[in-house]
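Engineer: Could you work out the structure for the sequence below:
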Amino acid sequence: MTLNEIAYNIKNLAEGGYTTDDNKISIRQIKAWIHYHRMSLLETYSDNGKSIPKGATQDLGNFSVPDEGVALTLPKLASFGSSRAITSITSVDGNMLFARTSRDKISIQEESRFTSAMAKFYVENGNTLYFHGSGGGELVKIIGVLEDPTELSSWVSDDSTYPIPAQLISPLINSVAEVELQLTLQSPGDLINNEIEADRES
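Structural biologist: Numbers count the residues shown, from 1 in each chain. Predicted coordinates:
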């Protein structure tokens, strides 16, 4: 399902199926809610040890590994702990797999005969990616979860398929409707729509 389809489904719920020209909930606001609630759902889904589902990830592109100590800057990643927002980094030919680590663990791993030779990566500040043990220059493919999927440079339009598994679309729509729309629809504002009022007067 596309981002636009999800957003308009939610908008129809907000309007009770009655399309008007005086809507106080913008599609832009609904899309921001969609991004936020998608993040919450995916974090809950993966907190119990499950892997982040494949349908939630995006191909972030191919990158040349910088020298150690030099960062690669990505769009803002999902705020999952322990670099979980990066689901895989492999060489483009698939022959090399980079292991997830953290800055604190590297010194210990360097002393182990099992992990010292492994190419590794870690994330800091939500979008800063560092590599260790690869030597630099390797062309890699990065798969991950972005906080806002539309920030990816390859995102064509909001008519593109939204990165969320099919089984989580209904929970996503329900989450936005129950949490956000209740607050919005109960807030002060134009409680009697101008178009509906005009119908009554006629």
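Engineer: Quick one: residues contacting residue 59.
Structural biologist: Contacts were defined as C-beta atoms under 8 Å, 6 or more residues apart in numbering; by that measure residue 59 touches 141-143, 154. For the C-beta atoms, the positions are set from N, CA and C on the backbone; glycine is no exception.
Engineer: Any chance of those in JSON lines with secondary structure and pLDDT as columns?
Structural biologist: Listed next are the contacts of residue 59 as JSON lines, based on DSSP: H, G, I helix; E, B strand; the rest coil; pLDDT from 0 to 100:
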{"residue": "141", "secondary structure": "strand", "pLDDT": "96"}
{"residue": "142", "secondary structure": "strand", "pLDDT": "96"}
{"residue": "143", "secondary structure": "strand", "pLDDT": "95"}
{"residue": "154", "secondary structure": "coil", "pLDDT": "94"}
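Engineer: Narrow these to just the buried residues.
Structural biologist: Neighbour-count burial (16 or more other C-beta atoms under 10 Å) applied to the contacts of residue 59 gives 141-143.
Engineer: what residues go with each domain of the chain?
Structural biologist: 1-55+159-202, 58-144 (automatic domain parsing).
Engineer: Tally up the residues packed near residue 40, please.
Structural biologist: 12 (other C-beta atoms under 10 Å).
Engineer: Looking at the buried ones among the contacts of residue 59, which one is closest to residue 38?
Structural biologist: residue 143 (16.8 Å; C-beta to C-beta).
Engineer: Would you enumerate the residues in contact with the closest one?
Structural biologist: 57-60, 86-89.
Engineer: Export the residues you listed as TSV, with columns for distance to residue 78, secondary structure and pLDDT.
Structural biologist: Output for those, formatted as TSV (distance: C-beta to C-beta, whole Å; DSSP: H, G, I helix; E, B strand; the rest coil; pLDDT from 0 to 100):
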residue	distance to residue 78	secondary structure	pLDDT
57	10	coil	95
58	11	strand	96
59	15	strand	96
60	12	strand	96
86	9	strand	91
87	10	strand	91
88	14	strand	92
89	16	strand	93
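Engineer: Quickly check those for the two that are furthest apart.
Structural biologist: 58 and 89 (13.6 Å).
Engineer: so which of the domains of the chain comes closest to residue 150?
Structural biologist: domain 1-55+159-202 (7.1 Å).
Engineer: sorry, back to before: with distance to residue 98 as added columns, please give the buried ones among the contacts of residue 59 in TSV.
Structural biologist: Putting those into TSV (distance: C-beta to C-beta, whole Å) gives the following:
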residue	distance to residue 98
141	10
142	9
143	11
